[in-house]
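task: produce atomic coordinates for the following.
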Amino acid sequence: MAVTILFFATLKQRAGCERMQLDLQDGASVSELKDLLAMRLPELQPALPSALVSINREFAFATDAVPTGAEVGLFPPVSGGGTSAQPDALPTHLHITAAPIDLDALTASVTLPSTGAVCLFTGIVRASTQRGAAPHTTVHLHYEAYTQMAEEKMQQVADEIRARWPAVEGIAIVQRVGTLLPGTPTVLVACSAAHRDTGVFEAARYGIDRLKEIVPVWKKEVGPDGEQWLEGSYVPARAD
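Sure, this is the predicted structure:
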């Protein structure tokens, strides 16, 4: 049976391509798929034990069967980086974008006539990071995403926020991709509610923390001394 493999971040670098077709035996598991990739692409082998796998944009695990025609994503843990209809028409804006993030416009997009509080978190590219005894200089960051899966996982994060904090009205989660210079906003999470004491602070914090766990976005740091992909350590579970 044929499946399509999509490689991201360091796995794409090691594979030397963004995608490939792979023939598997019927009923082959994720573990068997990894074994076959290790034989076909030896450069991948060192990264495969910790590599995450998705099947049709949902996280998959070692014993899961790979169905015929599946879209299989292969990627490292995410860097620790659409509008959907909601019940009661609550505004929800979820995007992966290469365009600049307009903080004012997104704040306005989650503001209703009943809104009295908006809590907004935005991440910024640092020019200098303290690592050990000396500062580490960043010339720019390059962000990459598995866009379709990322936006679906953003929807999951938004659903989790609404389940935990029912008073939240509007939600915006936006991740920028591409090459970004120091001082540039990279990600935004905004939550609105009628009052500040209804959970908007906690909801926005949960949103960015959860994004860093399950939304497939990676960043490559480029500095005067070279470049490196920055990977997280969170390993998704079936509940993710």
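
what is the burial count for Ala145?
When neighbours are counted by other CB atoms under 10 Å, Ala145 registers 25. Quick note: C-beta positions are derived from backbone N, CA and C, even for glycine.

same check, this time on Pro49
Using other CB under 10 Å, Pro49 has 8 other residues around it.

do Ala65 as well
15.

check the gap between it and Leu41 for me.
Distance of Ala65 to Leu41, computed by CB to CB, to the nearest Å: 22 Å.

what do you get for Leu106?
Counting by CB to CB - Leu106 and Leu41 are separated by 40 Å.

more crowded one of those two?
Neighbours per residue (other CB under 10 Å) separate Leu106 from Leu41, with Leu106 holding more: 22 against 18.

ok, now how distant is the closest residue to that one other than its chain neighbours from Trp218?
Once flanking residues are discounted, Leu106 sits nearest to Ala172: 4.6 Å by CB to CB, 6 or more residues apart in numbering. Distance of Ala172 to Trp218, given as CB to CB: 22 Å.

who has more neighbours, those two?
Shown here are Ala172 and Trp218; by other CB under 10 Å, Ala172 has more neighbours (29 against 25).

tabulate the CA atom coordinates of the helix or strand that one falls within in CSV.
Using DSSP states H and E, Ala172 sits within strand 171-176. Extracted in CSV, the C-alpha atoms of strand 171-176 (Å, rounded to 0.1, in the frame of the first residue of the first chain):
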residue,chain,number,x,y,z
ILE,A,171,-10.1,33.5,21.2
ALA,A,172,-7.4,34.4,18.7
ILE,A,173,-4.3,32.1,18.2
VAL,A,174,-2.0,33.2,15.4
GLN,A,175,1.5,31.9,14.6
ARG,A,176,3.7,33.6,12.1
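
tell me who's in contact with Thr4.
Arg19, Met20, Gln21, Leu22, Gly69, Ala70, Glu71, Val72 (CB atoms under 8 Å, 6 or more residues apart in numbering).

name the element the third one belongs to?
In other words, Gln21. Using DSSP H and E, Gln21 sits within strand 19-23.

pairing partners for that strand, with directions?
strand 2-7 (antiparallel) (DSSP bridges).

distance from the partner strand to the middle of the chain?
Offset of strand 2-7 from its chain centre (CA atoms, centre = their mean, to the nearest Å): 19 Å.

identify each buried residue in that strand, please.
Of the residues in strand 2-7, Val3, Ile5, Leu6, Phe7 count as buried by neighbour count, 16 or more other CB atoms under 10 Å.
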